[in-house]
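>>> model the structure of this input:
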Amino acid sequence: MEVMLERKSSQRQSNRDKKHRDLQREVSGGFQDYGDIQYDYLDERVPTYVSSSYQNRKLSEDKDRHLQKRVSELQTQVQRLERKISLLNNENESLKKRQDEKKPLEEKIKTLKKRNAELAAIARRLEEKAKHLQQENIKKVKEDGHGHPETDHLKKMFARQRAKDLSEHAKAMLAKDREIEDLRKKCQELADQLSNAEFLGPENVQMYEEKEELISIIKQAAKERLTMEKQIAKIKPKFRTMDKI
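Model prediction:
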């Protein structure tokens, strides 16, 4: 009877040891030394600090997975920002290149404005000079009377001056015509660039303003050319009158 009890007790202890070894393999690959652990063979529960180690390991693994996920998200954001920075750098280079290309055009516009003002001043001086010469010639003719020997000489001088003034007017008108034609070409080029643009960006707004400015200059130049034509039309009849005198 005692032998049977001892066998049962030994078998029960063996089963419990086997369960414990299986649990060791599941929890962290097992522990090496459990000599100091006291088991209550009537209680089959896992030792307290073995369960705590398993929970700590699981928490650590969850934390690692969360950190890896966060690192992956941050890497994705960094790549997205790098692509955006690259696009912005390319756009900045393109804008700088366009600005460099526009500088000669801006300089030419300034030159044309200056030339336009100079031509307008020349036209005013010619008109004043023609009026002054006309008044002087009329005065001299009246003072000298008809048939005076100097009258023919004055007429010749007046004719030469008239030819010179008309030539200067013609040159000024020709220069104005060329200027208007150049401005129209530039205006057409800007219009073509604006029509081919995909969107209305800051650079296109500037091009549109330049186009409007060119159109205004063209109108002003055309107006001054018309004024020159009227001045020539007024001068010619007066010269004919002086020839008759």
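
>>> helix or strand for R16, which one?
helix 2-26 (DSSP states H and E).

>>> give the next helix or strand downstream of that helix.
helix 48-144.

>>> that next one: what's the following helix or strand?
Heading C-terminal from helix 48-144, the first helix or strand you meet, by DSSP H and E, is helix 149-196.

>>> got the contact list for stretch 178-188?
By C-beta atoms under 8 Å, 6 or more residues apart in numbering, the surrounding residues in contact with stretch 178-188 are 105, 108-109, 112, 115-116, 119, 211, 214-215, 217-218, 221-222, 225. Glycine gets a C-beta too; all of them are placed from N, C-alpha and C.

>>> if we go to 7 Å?
Stretch 178-188 has contacts (C-beta atoms under 7 Å, 6 or more residues apart in numbering) with 112, 115-116, 211, 214-215, 217-218, 221-222.

>>> tell me the mean pLDDT over that stretch?
For stretch 178-188, mean pLDDT is 74.

>>> again, but for stretch 60-69
Taken as a whole, stretch 60-69 has an average pLDDT of 87.

>>> buried ones in that stretch?
For stretch 60-69, burial by neighbour count (16 or more other C-beta atoms under 10 Å) applies to no residue.

>>> could you do stretch 156-174 as well?
Buried residues in stretch 156-174 (16+ other C-beta under 10 Å): 158, 161-162, 165-166, 168-169, 172-173.

>>> among those residues, which pair sits farthest apart?
Greatest spacing in the buried residues of stretch 156-174, by C-beta to C-beta: F158 and M173 (21.9 Å).

>>> low-confidence regions, the protein specifically.
Within the chain, the ranges that satisfy pLDDT under 70 run 1-10, 13, 19-51, 54, 141-154, 190-211, 214, 231-245.

>>> how does it divide up, domain by domain?
According to automatic domain parsing, the chain comprises the domains 2-46, 105-244.

>>> which two among the contacts of stretch 178-188 are spaced furthest apart?
R115 and K211 (19.5 Å).

>>> who has more neighbours, these two?
Neighbours per residue (other C-beta atoms under 10 Å) separate R115 from K211, with K211 holding more: 18 against 14.

>>> A123 against M228, yeah?
Yes: counting by C-beta atoms under 7 Å, M228 is a contact partner of A123 at 5.4 Å.

>>> which residues do these two both contact?
With C-beta under 7 Å, 6+ apart as the test, A123 and M228 both reach A172.

>>> show me what contacts K69?
Residues counted as contacts of K69 (C-beta under 7 Å, 6+ apart): none.

>>> ok, now how distant is it from D62?
Distance, K69 to D62, using C-beta to C-beta, to the nearest Å: 11 Å.

>>> repeat for K129
99 Å.

>>> try S72
16 Å.

>>> repeat that for M157.
Counting by C-beta to C-beta, the gap from M157 to D62 is 111 Å.

>>> can you check E168 too?
In terms of C-beta to C-beta, E168 sits 95 Å off from D62.

>>> repeat for A123
For A123, the distance to D62 - C-beta to C-beta - is 89 Å.

>>> which residues are in contact with R160?
Listed by C-beta under 7 Å, 6+ apart, the contact set of R160 is empty.

>>> all further residue positions should be reported with the first residue as 9.
Taking 9 as the first residue, the last one we looked at is R168.
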